[in-house]
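S.K.: model this:
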Amino acid sequence: MLVGYPPFFAENPSATCKKVLDWRNSFVIPKEARLSREATDLLKRLICDHNQRLGINGVEELKAHPFFRGVNWDNIRDTVAPNIPQLKHPEDTSGFDEFPEIDPWNEDEIPANKSRKHKKNRVNDVHFIGYTYKRSLENQKIQSIANLFEEIDNTREQALIDQKLQEDLRSGERMRKKTSEQNDSQKVMKKKNSQSTKNNNFIESTSNYIKNKPQNLLEEHKMTPED
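M.R.: Prediction:
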């Protein structure tokens, strides 16, 4: 757009491809373009090795380039364009360079058996007639895209919340199971301790009984030495 034609322009795709592959030698900014120092630097920093390309560290790096000095990026869509073309009618193309028509648009050189098909194809190209930029329509598109991304973000956020909830539920279930197992273990231990206490009491009682049995027998029969 700055020079008027693509940087690797050629007469055919094959030549263009060769220029792109050999960009270090084929990329030249013509002096007759009279580009500013900032514009020249911008092009050279965009058409270079990918690891040195302007914007590799984020879009803010590109927006901060001196070529864009004074651009209000936050309100760029509401800014009045510096150049507003004065059109005479909706199909006015006076702002574009004129090029001579070549095949197949030269009606005289089209065979008669293909003329009807050619005219039909040419009629189909009139879909672009009357096209113009409509700010309100573009704003609606932007808002629709913004709403779509917001919906995607909300869906992703809700999915993360649901995942966290499921993890919490599983964690809670594991904790409840562990607590239940601990309670059961405590009950078993308590039961064992209770039984052990009973056994100890029984043993102690039995031991005391056996130990004091002779005295007990004397007391039961009230025996005296004379007897």
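S.K.: pLDDT below threshold where in the chain?
M.R.: Within the chain, the segments meeting pLDDT under 70 span 101-133, 202, 206-227.
S.K.: now do the helices in it.
M.R.: For the chain, applying DSSP state H gives helices covering 13-21, 23-26, 37-46, 59-63, 112-124, 135-211, 213-221.
S.K.: can you pull the domain assignment for this protein?
M.R.: According to automatic domain parsing, the chain comprises the domains 1-76, 143-221.
S.K.: any idea how far the residue nearest to residue 61 when sequence neighbours are not counted is from residue 45?
M.R.: Ranked by Cβ to Cβ, 6 or more residues apart in numbering and with sequence neighbours excluded, the top spatial neighbour of residue 61 is residue 55, at 5.5 Å. Placement of C-beta: from N, CA and C, glycine included. Spatial separation of residue 55 from residue 45 under the definition Cβ to Cβ, to the nearest Å is 9 Å.
S.K.: between those two, which is the more surrounded one?
M.R.: When residue 55 and residue 45 are compared for neighbours, residue 45 comes out ahead with 16 against 13, by other Cβ atoms under 10 Å.
S.K.: quick check: that one touching residue 54?
M.R.: Yes: in this structure residue 45 lies within contact range of residue 54 using Cβ atoms under 8 Å: 4.0 Å.
S.K.: ok, back up a step: for residue 81, which of the helices of the chain is the nearest?
M.R.: Of all the helices of the chain, it is helix 135-211 that lies closest to residue 81, at 11.2 Å by Cβ to Cβ.
S.K.: next, show the common contact partners of residue 45 and residue 54.
M.R.: Shared between the contact lists of residue 45 and residue 54 (criterion: Cβ atoms under 8 Å, 6 or more residues apart in numbering) are residues residue 65.
S.K.: phi, psi for the closest residue to residue 94 other than its chain neighbours please.
M.R.: Excluding the flanking residues, the one nearest residue 94 by Cβ to Cβ, 6+ apart is residue 88, at 7.4 Å. Its backbone dihedrals place residue 88 at phi -90, psi -30, with angles given as degrees, to the nearest 10.
S.K.: any idea how far residue 88 lies from residue 95?
M.R.: Here residue 88 is placed at a distance of 11 Å from residue 95 (Cβ to Cβ).
S.K.: swap in residue 158?
M.R.: Taking Cβ to Cβ as the measure, residue 158 and residue 95 are separated by 49 Å.
S.K.: same question for residue 22.
M.R.: Counting by Cβ to Cβ, the separation of residue 22 from residue 95 is 33 Å.
S.K.: how far away is the residue most central in space within the chain from residue 143?
M.R.: Against the mean C-alpha coordinate of the chain, by Cα atoms, centre = their mean, the closest residue is residue 153 at 8.9 Å. Look at residue 153 and residue 143: by Cβ to Cβ, they are 15 Å apart.
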